[in-house]
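Q: Curious how this folds, go ahead:
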Amino acid sequence: MDFFASQELARRNTRKLVLLLALTVVCITLAIYGLIVGLFVFAGRGQQQFRMDDMSNWFTSLQNLELFGGVLTGVSAVVGFGSLYKISELNAGGKVVAEMLGGRRLLPGSSNLAERRLLNIVEEMALASGVAVPPVYVLDGEAGINAFAAGHTIDDCVIGVNRGTLETLNRDELQGVIAHEFSHILNGDMKMSLRMIGLLHGILIIALIGYQLIRTVGNSRSNSNDKEEKGGGAAAFILLGVGLVAIGGIGLLFSKLIKASVSRQREYLADAAAVQFTRNPEGIAGALKMIGASQSSSVVRQENAESISHMFFANMHGSRLAGFFSTHPPLIKRIQKLDPRFTGDFQEYLKTRPTASVLEERREQQREQRRSPLEKFGMPGMGLPGTVGGGALSGALNPAVLVSAVGDPTDEDVVYSRALVGKIPDSLQRAIRDVYLARCVVFGWLLDEAPDIRREQLGLVRENANDATVQYTEQLAEQIQSAAIELRLPISEILQGTLVGLSEKQYRTFRATVIQLIKADREVDLFEFFIQHHLLGHLDRHFGIGLPHRTLYETLDKLEDECATLLAVLAEFGHDDEPTAAAAFDAAWKSLPSQFGQRKYANSGWDYPRLANAVKRLSHAAPNARKQVLEAAAISISHDTEISVTEAELYRSLGESLDCPIPPILAER
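A: Got it, this is the predicted structure:
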């Protein structure tokens, strides 16, 4: 799957969707205009009998451009207001959708076995993808097998599953479902899905106004003592209401057709991506078969679920077939694309479904196969293919391969991430999954070696929190500071998923404390930049403090200085001497647009504000422009035919900052 092509496709689909719905609004406007003119001509006379010249008068009245302009303005305002209201309601991201459906957030430290299994799968896939671990919600009242991913971007997305999904599926099947949802996250489908909800709501408002008009006029007539005198005008308003309901309903049907056609194609792509992610088509195919075999199927009964029907893993109405208005392809057809041998006999699958012991035996065989090449790649004891974690990668390195990995995680990445997490001490693992202790982990990470500065920093922690926080910070500081470099990014991604559990007030206090700790030594180093830009940057956008990554630049034309700053920093930290750094910078610079002209490498020293501003502006570039930046960065870090752990993690951190998640850099790639 090409991440950048998928992002561009999502953007085109969004524009196409907006255009089609705009045409629907125009058609609705014309219909309402014709209805209003008809009421003026026919009902306004107060005559009951139709006359032939009424039709002529209606056609003549349709030429009233002033009236048409008024109707167009009114309809556009109503639809626009309804859409913007719904979109603003969903601005907080996936959390709002999950809570609207009655979802309960699972705490990262949950001890429930089924919930722990789900959290582990989501965590492994997030780390393998190179993104922050998203919050996970369970719809406790839903017995059907279903799931969803919701949010505007990676920063505010959530994963939600029905209780039936937890209780019915085995680990492989559940992993297939979660991989499917991660595909929607990585390919930019969520933002389009939320916009679709807003636009459809705007059209629905037309029908709701008509319904309310009928009720209001009907009630006023029943309470009036002079029904005959007011009958003509009331009848006109009732006819208007009926017409609005009919027109709004028809418009909504056409809109749902558009929604369904866009959604069905994305479901096929997400299924294919899930297979690529897990290297196990039996997992997601098994989940779909269990939906067909289950009495509860994939039904979601929550009353608010209809508006997000297109965001679920399977048809929320539970039908195995798919009509024009279905947001999902037919269940059997989806399964047969994954398992061509499937005949449609769901009960047969139940008889042959692998048991837990068989699945565990398969996984052990896979682990055994991965142990054999350890010595070759310098990673004894890890149970993994070759990775940067075992030391620097060297040899003939292809920068294009690094870029092709963006948004394209594999099963090897999942295994590697699982092993990385296993290297984190148990006490530290518990701390980074506890919302209170996670704060202390970050504080401890930033404590300076110099005693005077360290005392000042602990004083700041005490001032902003309490003595207990200081005590935990000191206890965790040694563990977190001794963590290997390759553990920093996964620890940060787990911390991001935990710290979203803070309230906004708590987060602002935490944020202020972190910034004070960074400033305590009067300078900012590379690691402190990582904490401030990577960790706080994600949380800022989640809590609405930082700006979301909106596309402001279609090309890099206006971002020449930002590209130069970024590539200079990569060259500086990735190479031991200035001539080598200059050569890496020159090679990377030549890969950028030719109109940039020549530029020489200039090592002006560490400049955090300048780099932070450069990354921030580059994050607002279009997908293909960001791809050019990452291609240049890949050329820089691989120029000396060696990629150090620091270079690799800096490159991956850059990718996440640009909304281009990069999986672990494995030698096998």
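Q: show me where pLDDT drops low in the chain?
A: 1, 40-63, 221-233, 320-324, 356, 360, 363-397, 546-549, 604-606, 667-669 (pLDDT under 70).
Q: quick check: longest helix of it.
A: helix 227-278 (DSSP state H).
Q: now for that helix, which elements pack on it?
A: On a contact count with 3 or more CB pairs under 8 Å, 6 or more residues apart in numbering; DSSP states H and E, helix 227-278 meets helix 3-38, helix 171-186, helix 189-222, helix 281-293, helix 331-338, helix 411-423. (Glycine included, C-beta is placed from N, CA and C.)
Q: and that helix, how far from the chain's centre?
A: 26 Å (CA atoms, centre = their mean, to the nearest Å).
Q: ok, now stretch 500-510?
A: On CA atoms, centre = their mean, the centre of stretch 500-510 falls 21 Å from the chain's centre.
Q: Can I get that stretch in CSV, CA atoms only?
A: Taking Å, rounded to 0.1, in the frame of the first residue of the first chain, the C-alpha atoms of stretch 500-510 are listed here in CSV:
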residue,chain,number,x,y,z
VAL,A,500,-4.5,11.6,27.0
GLY,A,501,-6.4,10.4,30.1
LEU,A,502,-5.5,13.7,31.9
SER,A,503,-8.1,16.4,32.1
GLU,A,504,-7.4,19.5,30.2
LYS,A,505,-6.5,21.4,33.4
GLN,A,506,-4.2,18.6,34.5
TYR,A,507,-2.5,18.5,31.1
ARG,A,508,-1.9,22.3,31.1
THR,A,509,-0.2,22.0,34.5
PHE,A,510,1.8,19.0,33.3
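Q: what's in contact with it?
A: For stretch 500-510, the external contacting residues (CB atoms under 8 Å, 6 or more residues apart in numbering) are 105, 107-108, 135, 435, 439, 442, 464-465, 499, 539, 542-545.
Q: can you give me the helices for the stretch 1-150 of the chain?
A: For the stretch 1-150 of the chain, applying DSSP state H, counting those that start in this stretch gives helices covering 3-38, 52-61, 65-89, 94-100, 113-129.
Q: Pick the one among the contacts of stretch 500-510 closest to residue 338.
A: residue 135 (28.5 Å; CB to CB).
Q: How many residues are close by the closest residue to that closest one other than its chain neighbours?
A: Among residues not flanking residue 135 along the chain, residue 158 sits closest, at 4.8 Å (CB to CB, 6 or more residues apart in numbering). Neighbour count of residue 158, defined by other CB atoms under 10 Å: 26.
Q: From start to finish, how long is stretch 428-443 in a straight line?
A: By CA to CA, to the nearest Å, the extent of stretch 428-443 from end to end equals 14 Å.
Q: these two touch, right, residue 338 and residue 273?
A: No. Between residue 338 and residue 273 there is no contact under CB atoms under 8 Å: 11.9 Å.
Q: Next, the angle from the longest helix of the chain to helix 65-89.
A: Angle of helix 227-278 versus helix 65-89, following axes from the mean of the first three to the mean of the last three CA atoms, to 10 degrees, is 50 degrees.
Q: can you state the direction angle for helix 227-278 and helix 171-186?
A: Using the same axes, to 10 degrees: helix 227-278 against helix 171-186 is 110 degrees.
Q: circling back to that earlier point, could I get the phi/psi values of the residue nearest to residue 135?
A: Main-chain torsions, residue 158, degrees, to the nearest 10: phi -140, psi 160.
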